[in-house]
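**Q** Got a sequence here, can you model it:
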Amino acid sequence: MSKVLTHDMIQEAAKYIESQITTKPDIGLILGSGLGILAELIQNGVTIPYGDIPHFPVSTVEGHAGELLIGEIEGRTVVMMKGRFHMYEGYGAQVTAFPVRVMKALGVTTLLVTNAAGGVNTAYQPGDLMLIQDHLNLTGSNPLTGPNDSKLGARFPDMSDAYTRRLRTIAQETAAAHQIPLQEGVYAGLLGPNYETPAEIRMLRVLGADAVGMSTVSEVIVARHAGLQVLGISCISNMAAGILDQPLSHEEVMETTERVKDKFLRLVLALIPQI
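**A** Presented below is the predicted three-dimensional model:
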């Protein structure tokens, strides 16, 4: 399902969305597995199914609703992906990050990405929230491969501050002020859809990863290419393979995100007015 997504296709998708809304968003939100609860708090919201938006793929994963929501949260206009796209569904890296391009075209300047991730750092516990400091792209793919359109960004974008330092500082201070424990670490993005083997988790730990998942990295690469500022938060939904000597399941991921949703909501709602 790999395909080239052009500037014209991005504009066509953005124009359709603009025809459905009255105010332009400046914050983009991408919600991971089980974290769509934030969508219930949008005021004056407009819901657009992904299937109605030109050139948008559709989400096929349980826990990912497949809707774009535009409305107000804490006085800010946001565009929210309730459900994202993954390469393990058969989509190319460029396709999984296409909505980020559309967000940029809509006027978004800051992107908040969330995901459910396995804990690689043995000091973590299921239910922890982790501020993403940096990432390892181990998916074997990159959304910027192929011809570069200079209208979208530079050929060789800098990734030394992929997760904007200023926003990370705000997140740390906000979490402390609200007495929300917040880890900070490196997210490893793998292709999936299988969970990793214990040997792979030992490898990731040696490489410096603190958490592992199957999303996010392509979205962030494209966001930085487009000039967006980025803040990332992982919900540690389970300990990765081999740590607790028990099998892993998507049901456990969903159960954990349900358990920590109040903590997650408090942090994100406190952050939105500040970013």
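**Q** Residue 21: what's it in contact with?
**A** 46, 70 (Cβ atoms under 8 Å, 6 or more residues apart in numbering). Where you see a C-beta, it was placed from the backbone N, CA and C, and this is true even at glycine.
**Q** Give the helix, strand or coil label for it.
**A** coil (DSSP: H, G, I helix; E, B strand; the rest coil).
**Q** Beyond the host helix or strand of residue 69, next helix or strand please.
**A** The secondary structure element spanning residue 69 is strand 67-73 (assigned by DSSP states H and E). For strand 67-73, the succeeding helix or strand toward the C-terminus, using DSSP H and E, is strand 76-82.
**Q** Where in the chain is the helix or strand with the lowest mean pLDDT?
**A** Least confident helix or strand, the chain: helix 250-259 with a mean of 80, by mean pLDDT, DSSP states H and E.
**Q** Show me how far that one is from its chain's centre.
**A** 17 Å (Cα atoms, centre = their mean, to the nearest Å).
**Q** Could you give me the buried positions within the next helix or strand after that helix?
**A** Once the chain leaves helix 250-259, the next helix or strand it forms, by DSSP H and E, is helix 261-271. The neighbour-count check on helix 261-271 (16 or more other Cβ atoms under 10 Å) flags 261, 263-264, 267-268, 270-271 as buried.
**Q** Show me what helix 261-271 packs onto, helices and strands only.
**A** strand 110-119, strand 129-138, helix 165-177, strand 229-239 (3 or more Cβ pairs under 8 Å, 6 or more residues apart in numbering; DSSP states H and E).
**Q** I'd like these as TSV, with mean neighbour count appended.
**A** What follows is the helices and strands packed on helix 261-271, written out as TSV (neighbours: other Cβ atoms under 10 Å):
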stretch	mean neighbour count
strand 110-119	26
strand 129-138	20
helix 165-177	16
strand 229-239	25
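**Q** Please name whichever of those is nearest to residue 77.
**A** strand 110-119 (11.8 Å; Cβ to Cβ).
**Q** got the angle between that closest one and helix 165-177?
**A** Orientation check (axes from the mean of the first three to the mean of the last three Cα atoms, to 10 degrees): strand 110-119 against helix 165-177 gives 60 degrees.
**Q** show me the contacts for the residue nearest in space to the middle of the chain.
**A** Central residue of the chain (Cα atoms, centre = their mean): residue 113, 3.1 Å from the mean position. Taking Cβ under 8 Å, 6+ apart as the definition of contact, the neighbours of residue 113 are 30, 32, 132, 216, 219-220, 223, 230-233.
**Q** I'd like to know which of the residues you listed is nearest to residue 14.
**A** When those are compared for distance to residue 14 (Cβ to Cβ), residue 223 comes out closest, at 15.5 Å.
**Q** Tell me if I am right that that closest one is in a helix.
**A** Yes. Residue 223 forms part of a helix when assessed by three-state DSSP.
**Q** does it really touch residue 111, like I thought?
**A** Yes. Here residue 223 lies in contact with residue 111, judged by Cβ atoms under 8 Å, at a distance of 4.7 Å.
**Q** which residues are common contacts for those two?
**A** Shared between the contact lists of residue 223 and residue 111 (criterion: Cβ under 8 Å, 6+ apart) are residues 100, 230.
**Q** Who is residue 28 paired with across the strands?
**A** residue 79, residue 111 (DSSP bridges).
**Q** quick one: it from residue 68, how far?
**A** Using Cβ to Cβ, to the nearest Å, residue 28 is found at 10 Å from residue 68.
**Q** Residue 30 now?
**A** Separation of residue 30 from residue 68 (Cβ to Cβ): 11 Å.
**Q** Spell out which residues are contacts of both of those two.
**A** Overlap of the contact sets of residue 30 and residue 68 (by Cβ under 8 Å, 6+ apart) consists of 80-81, 99.
**Q** Flag whichever of these scores worst on pLDDT.
**A** Checked by pLDDT, the shared contacts of residue 30 and residue 68 have residue 81 as the lowest-scoring entry (92).
**Q** picking that back up, anything in contact with each of residue 28 and residue 68?
**A** If you check residue 28 and residue 68 against Cβ under 8 Å, 6+ apart, the residues they both contact are 79-81.
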